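Peer 1: With the input below, show me the fold.
(chains A and B, ligands or ions: 1)
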Amino acid sequence: MKQDIHEYLAELEDIPGTRVYTTKRARKGYWVNQFAMSLMTKENRDRWRADEKAYLDEWPMTEEQKQALLDRDYDKLLDLGGNIYFLAKVFSTDRKSYLQAVSTMTGMSEEDYRNMMLSGGRSPEGLRSKSKGY
Amino acid sequence: MAHITAGITSSHVPAIGAAIDLGKTDEDYWKPAFAGFDWTKEWIMKPENKPDVVILVYNDHASAFDMNLIPTFAIGCADEFQPADEGWGPRPVPVVKNHADLAWHIAQSCILDEFDMTIINKMDVDHGLTVPLSLMFGEPEAWPCKIIPLAVNVVTYPPPTGNRCYNLGRAIRDAVESFPEDLKVQVWGTGGMSHQLQGTRAGLINAEWDQKFLDDLSADPERLRTMPHIEYLREAGSEGIELVMWLIMRGALGDKVKELHRHYHVAASNTALGHIVLEPQD
Ligand SMILES: [Fe+2]
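Peer 2: So this is what the prediction gives:
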């Protein structure tokens, strides 16, 4: 049975602290994500490491997107249409793990985040729905 | 005739691949995560169980597919696939050798069955595919069977529904059973379980929900196939949606299955690690 697309998309926006990678976000972040993909070759990683700003200027991104990349502000990059699997190429190039990069979005220190995961992770309690508050 | 002999699911956390490649599996952090695969490693290499071919359902994590091309279901039909360079350099694992005759057969059969598969030849395979192989087979010189990659879009919304995945599994089963060569074929579903890799809700784990999902692969697959995406997202985190891929495996096993083995561990990096081995019961 087909779900109504408008209801479907509205529900996706109802989750606290979550930006689902909808086509709207994907279109906004197209070049952020394509830039990130380019770091899958050593040649491009070397060019990026040598001069990050110059490398970014080769891509038709907004200045805000470029600055967020220079700042490694992953939370902001999600607002600007970035997707974590694409951005992984940026933090992998920095020799950072998913856990390290993801922890920067939580307002917790890396160590506190790691310890939370070791003791069972974050409970979904109260974090399932903005509108229904459960 | 070829037939489907078992279904396996497993999370495919990239840090697991790194732990194997860097020889860290004996560290206290990783030991309990890997211990749950010992049973499967032994079981899968017994002659009566060893697959000739694995149809490996996984998602590409922006490695082979960028924003230029987003196929919902893509089946790898080339003779071989190289491990992808995801930013750290490629994983030091064997090349993936396909059973291209069976892959093309499945592609043709599924298309006639009204599943409009994307056929892909040139494709590097990322941790989504190589980590489960390492978990089940360890570190051999060459993978002990042929592997057909089946990549599912679970990155850009909407991914396929659970019902669609389940029905694709059934079509794959029909395709396999109409292939004339005598082959033992396993279907693997990978990804999950609960995890969220973004924002202030990152690190979400829902062990109770995960265990119920594992239970219902045999007890109530009907509940799983009709579960809307929003439930995965709310209960199992934004990246928990990968679990829809497990339903392709489940659909391929037929109505009744027997659970042979289960492993659940929190946490591997950001993720609840889940693994199950199922056998079809006809
Ligand atoms: Fe994944």
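Peer 1: Stretch A:51-71 and chain B, are they touching?
Peer 2: No: contact of stretch A:51-71 with chain B (Cβ under 8 Å from any Cβ of the partner chain) is absent, the minimum separation being 12.7 Å. Any C-beta I mention is one placed from the backbone N, CA and C, and that applies to glycine too.
Peer 1: List of residues touching that stretch?
Peer 2: A:29, A:31-32, A:34-35, A:44, A:47-48, A:76-77, A:80-82, A:90 (Cβ atoms under 8 Å, 6 or more residues apart in numbering or on different chains).
Peer 1: out of the residues you listed, who's near chain B?
Peer 2: A:34, A:90.
Peer 1: In helices, which of the contacts of stretch A:51-71 fall?
Peer 2: The members of those that map onto helices under DSSP state H are A:31-32, A:34-35, A:44, A:47-48, A:76-77, A:90.
Peer 1: got TSV for these, with neighbour count and pLDDT too?
Peer 2: Below are these laid out as TSV (neighbours: other Cβ atoms under 10 Å in any protein chain shown; pLDDT from 0 to 100):
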residue	neighbour count	pLDDT
A:Trp31	17	98
A:Val32	26	98
A:Gln34	17	98
A:Phe35	26	98
A:Asn44	16	97
A:Arg47	16	98
A:Trp48	19	98
A:Lys76	16	98
A:Leu77	26	98
A:Val90	23	97
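Peer 1: hmm, which two among those are most spread apart?
Peer 2: In terms of Cβ to Cβ, these reach their longest pairwise distance at A:Arg47 and A:Lys76, which sit 23.9 Å apart.
Peer 1: who's in contact with residue 121?
Peer 2: No chain was given, so I picked chain A. Counting by Cβ under 8 Å, 6+ apart, A:Gly121 makes contact with B:194, B:203-205, B:266-267, B:272.
Peer 1: could you do chain B instead?
Peer 2: B:Asn121 touches B:76-78, counting by Cβ under 8 Å, 6+ apart.
Peer 1: picking up where we left off before, using PyMOL, define a selection of the buried residues within the contacts of A:Gly121.
Peer 2: Only the buried entries of the contacts of A:Gly121 go into this PyMOL selection, using 16 or more other Cβ atoms under 10 Å in any protein chain shown:
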select buried, chain B and resi 194+203+204+205+266+267+272
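Peer 1: Which stretches in the stretch 101-250 of chain B count as helices?
Peer 2: Applying DSSP state H, counting those that start in this stretch to the stretch 101-250 of chain B gives helices spanning B:127-137, B:162-177, B:207-219, B:221-225, B:229-236, B:246-252.
Peer 1: which one of those helices lies closest to chain A?
Peer 2: With Cβ to the nearest Cβ as the criterion, chain A lies closest to helix B:229-236 of the helices of the stretch 101-250 of chain B, at 4.1 Å.
Peer 1: what sits against the closest residue to chain A within the stretch 101-250 of chain B?
Peer 2: Residue nearest to chain A within the stretch 101-250 of chain B (Cβ to the nearest Cβ): B:Ile205, separated by 2.8 Å. Counting by Cβ under 8 Å, 6+ apart, B:Ile205 touches A:117, A:120-123, B:194-195, B:237, B:266-267, B:272.
Peer 1: for chain A, what spans make up the helices?
Peer 2: Using DSSP H, helices in chain A cover A:5-12, A:23-28, A:30-38, A:42-50, A:52-56, A:63-70, A:74-79, A:84-93, A:98-103, A:110-118.
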